[in-house]
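Student: got a predicted structure here, sequence first:
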Amino acid sequence: MALPSLALPEIRDALATGLGFIGKDDTWARSNPEQMPLFHNARVSLAASATTRFGYLVYAIPLLPLLVALLGFRANVQSRDRWLLVFLWMLPLCALSLSQIRYATDFSVLAAVGFALLLTTVHGKLSAWIGRRSSLALTAAFGLTMLFPAYLHFAPRIANAANYLSGREVIGSGSRLSNKWTDFAFAQMVGEVTPQTSGFLDETRIPEYGVLVPSDQGHLFTYVARRPVPSNNLGPYLDPDLYELVRSFYTERRADAAFEILEALKVRYFVTSLDRIGARSFAGAMHYGNDGSLGQGSRPSTGRIRLIAEGPFNGRPFRKLGPRGKRVEVPAYKLFEVVEGAVFAAETEPNAPVVAELTLTTPLGRSEHRVLGRADASGRLELRVAHPSEAPDDPQPLVHAVGKWRVDLGGERYEATVTEADVREGREVRLGQGG
């Protein structure tokens, strides 16, 4: 009856677009857990295995439409139309669920009906052999056994869900967090250390700033941190240009090109994650070196990026770098802010080297932030730094300085005070003048 409606261009084009999306095969589709087939290779996917959703009964899903068709065929004439309705409803949703995990939620109601019919059929067959009561007990035991993988997956989450719905604390501070709770805890941290922005979740207004995060974590930071992001879990299907900019930032190696992306996206903050930064990328250098602060000299500091948060403290195991006995732990997440940066200025010997150091306190302990530079051929020094040497008492930032900047300029040593306003407005700070 609905086939004649395909003659209308609006309906036909909308249906073609939908079918095209279902059959889409691109880089994002192959990496997005929601778009994985129900039966996929769990070793190379972030998606959970099929048995976590339906237990071992999942292997009966391809047979459920056939079972409904068979039962409908055997039913009396008066009820066949109802069986036909269930069959026509189940068949497309079954096919969609097999093609993409996202449709399994819609299919779950019909799957429950199908599983109930399957178990009822098994019960009926067994009753003729071993009696009704024995058959009922055996069928119930069989059904519960089939659901065992799903129970193992969801049972540990029931307590967390109950605590969350009741408003009680979900994330503890004593034990090591799982990967997912690590993500959740850091998103909460981002919401706590960044200012509120007008226009968030209001399509008629433009947010004051954005937070750059990997696209596949966009929903996490939108709904947990409550902060606007340029691209989310819809990937290229929402805005392909923004998605491509976000993707390229986490793989870009050149600092100038990375800054062009940050400016194009109009973001004030960006998040780096051990799992989502490209090898030898600018974002990777920021994550491992806090804007080049370890002083290896392999990548000059930009002086415009400062560490705002890292962790969480009890998150998933950190990656350890360096030789044995001197390994440094690198946390799963870091949050950086883009600022103008204060400028140390002085007149010195031509090409004189300069090293500026500042002790920082972070949620994970103390670290030395080091910025390297050199005066120009005329002896003019301009060294940009992103961290102030003073911090407000209330609220106390998660990352703040302990003491003043210590600057070694061609063998001359200075101490310098840098204020928050200096950093935000890009002010010049003269060395040796009241520092």
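Tutor: Happy to help now that I have it.
Student: what ranges do the helices span in the stretch 51-200 of the chain?
Tutor: With DSSP state H, counting those that start in this stretch as the criterion, the stretch 51-200 of the chain has helices at 51-54, 64-74, 80-99, 104-130, 132-146, 148-166, 179-193.
Student: R424 is nearest to which of the ones you listed?
Tutor: Closest to R424 of the helices of the stretch 51-200 of the chain is helix 179-193 (C-beta to C-beta; 15.9 Å). Backbone N, C-alpha and C define where each C-beta goes, glycine included.
Student: who are the packing partners of the closest one?
Tutor: Packing partners of helix 179-193 (3 or more C-beta pairs under 8 Å, 6 or more residues apart in numbering; DSSP states H and E): helix 218-223, strand 267-273, strand 305-311, strand 333-338.
Student: which residues touch the third one?
Tutor: Where contact means C-beta atoms under 8 Å, 6 or more residues apart in numbering, the residues beyond strand 305-311 that reach it are 185-186, 189-190, 193-194, 269, 286, 290-291, 331-339, 360, 362-364, 369, 386-387, 397-399, 423.
Student: next one: stretch 212-225
Tutor: 31-32, 183-184, 187-188, 190-191, 194, 211, 227-235, 243, 246-247, 249-250, 262, 265, 267, 269-271, 273, 276.
Student: cool, stretch 115-123 as well?
Tutor: Contacts with stretch 115-123, where a contact means C-beta under 8 Å, 6+ apart, come from F54, L57, A60, L64, L67, V68, L71, S135, L136, T139, F142, G143.
Student: number of nearby residues for G303?
Tutor: G303 is flanked by 25 other residues according to other C-beta atoms under 10 Å.
Student: pick out the shakiest of the helices of the stretch 51-200 of the chain, pLDDT-wise.
Tutor: Least confidently modelled of these is helix 148-166, at a mean of 77 by mean pLDDT.
Student: got the buried residues for that helix?
Tutor: The neighbour-count check on helix 148-166 (16 or more other C-beta atoms under 10 Å) flags P149, A150 as buried.
Student: alpha carbons only: can I get that helix in PDB?
Tutor: What follows is helix 148-166, C-alpha atoms only, in PDB (Å, rounded to 0.1, in the frame of the first residue of the first chain):
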ATOM      1  CA  PHE A 148      24.700 -14.900  31.500                       C
ATOM      2  CA  PRO A 149      27.200 -12.900  29.400                       C
ATOM      3  CA  ALA A 150      24.800  -9.900  29.500                       C
ATOM      4  CA  TYR A 151      24.500 -10.300  33.300                       C
ATOM      5  CA  LEU A 152      28.300 -10.200  33.700                       C
ATOM      6  CA  HIS A 153      28.500  -7.000  31.600                       C
ATOM      7  CA  PHE A 154      25.600  -5.000  33.200                       C
ATOM      8  CA  ALA A 155      25.500  -6.300  36.800                       C
ATOM      9  CA  PRO A 156      28.500  -4.300  38.000                       C
ATOM     10  CA  ARG A 157      27.000  -1.200  36.600                       C
ATOM     11  CA  ILE A 158      23.700  -1.500  38.400                       C
ATOM     12  CA  ALA A 159      25.000   0.000  41.700                       C
ATOM     13  CA  ASN A 160      26.600   2.900  39.800                       C
ATOM     14  CA  ALA A 161      23.400   3.600  37.900                       C
ATOM     15  CA  ALA A 162      21.400   3.600  41.200                       C
ATOM     16  CA  ASN A 163      23.800   5.900  42.800                       C
ATOM     17  CA  TYR A 164      23.800   8.300  39.900                       C
ATOM     18  CA  LEU A 165      20.000   8.400  39.700                       C
ATOM     19  CA  SER A 166      19.700   9.000  43.400                       C
END
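Student: now the helices and strands packed on helix 179-193 in TSV, with mean neighbour count?
Tutor: Shown next, in TSV, are the helices and strands packed on helix 179-193 (neighbours: other C-beta atoms under 10 Å):
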stretch	mean neighbour count
helix 218-223	19
strand 267-273	23
strand 305-311	23
strand 333-338	24
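Student: next, format those as JSON lines and append distance to V122 and mean pLDDT.
Tutor: Formatted as JSON lines, these follow (distance: least, C-beta to C-beta, whole Å; pLDDT from 0 to 100):
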{"stretch": "helix 218-223", "distance to V122": "40", "mean pLDDT": "92"}
{"stretch": "strand 267-273", "distance to V122": "47", "mean pLDDT": "94"}
{"stretch": "strand 305-311", "distance to V122": "51", "mean pLDDT": "89"}
{"stretch": "strand 333-338", "distance to V122": "49", "mean pLDDT": "93"}
